[in-house]
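**Student:** Predicted model and sequence follow; I will ask about them next.
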Amino acid sequence: MSGAALEVRGLAKAFTLHVQGGVRLPVLTDVSLTVQPGECVVLADPSGAGKSTLLRSIYGNYLVREGQVLIRHRDRMVDMVGAPPRLVLEVRRHTLGYVSQFLRVIPRVPTEQVVAGTLRARGVEALAALRRARTVLERLGIPERLWTLSPVTFSGGEQQRVNVARVFVADYPIVLLDEPTASLDAASRLAVVELIREARRRGAAVLGIVHDAQVRAEVATHVRTLAGTEAA
Amino acid sequence: MSRYNFAYLDEQTKRMIRRAILKAVAVPGYQVPFGSREMPLSYGWGTGGVQVTASVIGPTDVLKVIDQGADDTTNAVSIRKFFARTTGVATTTRTEEATLIQTRHRIPETPLAPGQIVVFQVPIPEPLRWLEPREAETRKMHALEEYGVMYVRLYEDITRHGRVAQTYEYPVIVNGRYLMRPSPIPKFDNPKLDRSPALMLFGAGREKRIYAVPPWTSVKSLDFDDHPFEVEHWDRPCDLCGARGAFLDELIVDDKGGRLFICSDTDFCARRQAAGDEPAT
Amino acid sequence: MSADADDRPLLGVRGLVKRYGAQVGCLDVGFDLWPGEVLGIVGESGSGKTTVLDCLSGRVEADGGQVGYAKADGSVVDVLRLDEAARRRLLRTDWGVVHQHAREGLRMGVSAGANVGERLMALGARHYGRVRGRALDWLARVEIDAGRIDDLPETFSGGMQQRLQIARNLVTEPRLVLMDEPTGGLDVSVQARLLDLLRGLVEDLGLSAVIVTHDLAVARLLAHRLLVMRGGQVVESGLTDQVLDDPQHPYAQLLVSSVLQP
């Protein structure tokens, strides 16, 4: 066992749609990869190949029955496959951050509280959590007048930046990114890239889906496909 | 003597009631169900008290009967005559001469002595009835000592009136355990229950319950630390005998708003007048 | 939430059974609940979810099974086998029960302040000023205007009554709260406000809760884990977002796919 932060071994994921006559959709077959601390592995498959499915499967959002998802959590390796829900929640709270493609919004929670929530869940005192939330929101160019508003009225780009803020406000050892810069302008893209690089510098392991070639070039240490083929 | 058994009730009934009384004395403040009989007076007029008195009275007893503190009101007179007819025992109006005192709504001012028995007439025995109409539930609450709701009642009073508004039938805790409704005596009389040398018996005929406070038992009126229990005060003495610190009734004497304040305990007042006491107590 | 409180479940339910004659109320229901965790039980009418809650709260007598509860002193008791006195004590101190209809969980004829203060007084609080002070604290926490403390719950709106019920239960800081459709029957905007309150309280107080609801959105918002019930049995269980985003059981898939997205 190397010092890898994240190791996926022989993961397979299929969906059986009972509501549609029981049709079975195999999406992932025998996926294996490793991410070391400080690395940023970017998946380069075309759309529909199952990249998002892989991230969600690692995060525990999709149920995996075949394979292993080993995560270095608090100095021990935890297999997310078959882990009890409490353990998955603990891993998500402290070790594994996930920037999904879309922000799930609760209509009445102010943006700064959405972001601070990540830290509060870790036991950080409310005021300190709020301060750090505001710092990262500022970095991502979300103007102060929006901090006390719920993200429900924000543009796609603004919502995505809140999504990024929610994860990067904390120092996650492992970060999963699903198109973090997709709807962002150049300045925001730059801010996100900087956050990713900082995370890498402090030893975080990053696994991401990034279509934008330029961003990829700026953050990735390795580019590969689900099947394992290395790309440039 | 009439065709009635001594004290009207048959001996088996008296035994049944005495058993209930023994249970009640053994568990101070606990309401003991009993087979309440039909008496020659309506429910609500003291059938419970009469049954208790009838069960404990003996030929050598001296009986006093009061109603609102007075020996000469209609009900007191009727009940006293009833027992005189059915038992032939001596009766009295003097508290210190009585061995057995049946009362409605007051405890005599004259301090009680060991060996005396006071029988209270009780309309509603259950202190929690205001909140909980179900008998099965109130019994459970007593069994489990779930008395929080009684404090809710006091809380509401303080909230609405600034103080506990209950001035009679003021709830008490007996022997540190059972919540009890001391019959509609004014709260002024509650302290007389605490560690009294007399035996206090309570009879509710319509509701079919008997309860008791044995001599020298602690009886504490409910209160809050920051709203302690207080009794009524009058800023004037009795207009007839000059007593201070006795419970006074207000009497309207004319059409011009004239009023007198006189002792509700007629025996107490009469003797003070006879002795020509200066206002002292 | 301390580390050592974490290493054993707060509640351990095994083989819970309740029958209504030939009808199955619930059958072979089992789950653990850990400190600080919110478990959602979802399902449609007749699924048995309310039966499970009623068995836990003692509203109905279970026909079989065990409900192990870890008390604060570390000992574990089988709640189903407690005598009535102990059970009632538990429900007044360690546990809270929030009913769907606030009327069932409140004293409608007694002021809001008295409703909140009652549990304190039942536990021996004897200082009026302090009881009132705690009641005011809690009314503020559930966002009921302090000026309403002396009003009767009958004068409150449905949402306010529900918030009062929550305050009444939480004032003694119970370790476990059972909730039956806490937002049922309320207007949508009122529901939303109540959900936010519950979420906040769960987070701030580290509450453990079992919440029964037919509304998947409520479940997603409040619960860490879900049980999906149908016909009295648990058909699926797991992390909330996993059960809702990747349901495995055919019925769970049907349930999730049936929900209208606004």
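**Tutor:** Looks like it came in fine. Numbers count the residues shown, from 1 in each chain, chains lettered A, B, ... in the order given.

**Student:** Tell me who's in contact with A:Leu96.
**Tutor:** Contact analysis of A:Leu96 by Cβ atoms under 8 Å, 6 or more residues apart in numbering or on different chains lists A:58-59, A:71, A:73, A:172-176. Heads up, the C-betas are built off the backbone N, CA and C, glycines and all.

**Student:** make it 7 Å
**Tutor:** A:59, A:71, A:172, A:174, A:176 (Cβ atoms under 7 Å, 6 or more residues apart in numbering or on different chains).

**Student:** Show me where the stretch 51-200 of chain B has its strands.
**Tutor:** B:62-67, B:90-91, B:100-104, B:117-121, B:172-174, B:178-180, B:199-204 (DSSP state E, counting those that start in this stretch).

**Student:** could you give me the average pLDDT of the shortest one?
**Tutor:** I take that to be strand B:90-91. The pLDDT scores in strand B:90-91 average 97.

**Student:** who does it pair up with?
**Tutor:** Next to strand B:90-91 in the sheet, as set by DSSP bridges, lie strand B:62-67 (parallel).

**Student:** How about the third one?
**Tutor:** The partner list of strand B:100-104 in its sheet, established with DSSP bridges, is strand B:62-67 (parallel), strand B:117-121 (parallel).

**Student:** what does the fifth one give?
**Tutor:** Strands flanking strand B:172-174 in the sheet, each with its direction: strand B:178-180 (antiparallel), strand B:219-221 (antiparallel) (DSSP bridges).

**Student:** May I see the buried residues of the last one?
**Tutor:** Residues B:219, B:221 are the ones in strand B:219-221 that count as buried (16 or more other Cβ atoms under 10 Å in any protein chain shown).

**Student:** In contact with the residue nearest to C:Gln100 when sequence neighbours are not counted, which residues?
**Tutor:** With sequence-adjacent residues excluded and distances taken as Cβ to Cβ, 6 or more residues apart in numbering or on different chains, C:Gln100 is closest to C:Glu181, at 4.1 Å. If you count contacts by Cβ under 7 Å, 6+ apart, C:Glu181 has them with C:100, C:212-213.

**Student:** Can you give me the distance of C:Glu181 to chain A?
**Tutor:** 20 Å (Cβ to the nearest Cβ, to the nearest Å).

**Student:** of all of the stretch 1-150 of chain B, which residue lies closest to chain C?
**Tutor:** In the stretch 1-150 of chain B, no residue comes nearer to chain C than B:Gly148, which is 2.6 Å away by Cβ to the nearest Cβ.

**Student:** I'd say that residue and C:Met121 touch.
**Tutor:** Yes. At 4.7 Å, B:Gly148 counts as touching C:Met121 under the criterion of Cβ atoms under 7 Å.

**Student:** pLDDT at A:Gly123, what is it?
**Tutor:** Per-residue confidence for A:Gly123 comes out at a pLDDT of 89.

**Student:** Look at it and tell me its secondary structure.
**Tutor:** coil (DSSP: H, G, I helix; E, B strand; the rest coil).

**Student:** How much space separates it from chain C?
**Tutor:** For A:Gly123 relative to chain C (Cβ to the nearest Cβ), the value is 8 Å.

**Student:** for the helix or strand where A:Leu137 lies, packing partners?
**Tutor:** With elements taken from DSSP states H and E, the one containing A:Leu137 is helix A:126-139. In this structure, helix A:126-139 packs against helix A:111-120, helix A:156-168, with contacts taken as 3 or more Cβ pairs under 7 Å, 6 or more residues apart in numbering or on different chains; DSSP states H and E.

**Student:** Export those helices as CSV, with columns for distance to chain B, mean pLDDT and mean neighbour count.
**Tutor:** Written out in CSV, the entries for the helices and strands packed on helix A:126-139 read as follows (distance: least, Cβ to the nearest Cβ, whole Å; pLDDT from 0 to 100; neighbours: other Cβ atoms under 10 Å in any protein chain shown):
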stretch, distance to chain B, mean pLDDT, mean neighbour count
helix A:111-120, 35, 94, 22
helix A:156-168, 45, 94, 23
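
**Student:** Could you dump these into TSV and include distance to B:Pro127?
**Tutor:** Formatted as TSV, the helices and strands packed on helix A:126-139 follow (distance: least, Cβ to Cβ, whole Å):
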stretch	distance to B:Pro127
helix A:111-120	48
helix A:156-168	57
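
**Student:** dump the residue contacts of residue 69.
**Tutor:** Chain wasn't specified; assuming chain A. The contact partners of A:Val69, by Cβ under 7 Å, 6+ apart, come to A:8, A:11, A:58, A:79-81.

**Student:** please go with chain C instead
**Tutor:** For C:Tyr69, the residues meeting the contact criterion (Cβ under 7 Å, 6+ apart) are C:11, C:76-77, C:79.

**Student:** if we go to 10 Å?
**Tutor:** C:9-13, C:33, C:56, C:75-80, C:82, C:90, C:94-95, C:175-176 (Cβ atoms under 10 Å, 6 or more residues apart in numbering or on different chains).

**Student:** show me where the chain has helices.
**Tutor:** In the absence of a named chain, chain A is used. Counting by DSSP state H, chain A forms helices over residues A:51-59, A:85-94, A:111-120, A:126-139, A:156-168, A:186-201, A:213-219, given from the N-terminal end onward.

**Student:** Switch to chain C, please.
**Tutor:** Assignment of helices within chain C using DSSP H yields the ranges C:49-57, C:84-92, C:102-105, C:112-122, C:128-141, C:158-170, C:188-205, C:216-222, C:240-245, C:250-258.

**Student:** Nearest to A:Glu39, out of those?
**Tutor:** Taking Cβ to Cβ, helix C:240-245 is the member of the helices of chain C nearest to A:Glu39, at 26.9 Å.

**Student:** just for the stretch 51-200 of chain C, where's the confidence low?
**Tutor:** The model of the stretch 51-200 of chain C has no residue with pLDDT under 70.

**Student:** For C:Ala122, see how far away the closest residue to chain A within it is.
**Tutor:** Closest approach of the stretch 51-200 of chain C to chain A (Cβ to the nearest Cβ) occurs at C:Asp196, with a separation of 5.5 Å. When Cβ to Cβ, to the nearest Å is the yardstick, C:Asp196 and C:Ala122 sit 30 Å from each other.

**Student:** More neighbours: which of those two?
**Tutor:** When C:Asp196 and C:Ala122 are compared for neighbours, C:Ala122 comes out ahead with 20 against 16, by other Cβ atoms under 10 Å in any protein chain shown.
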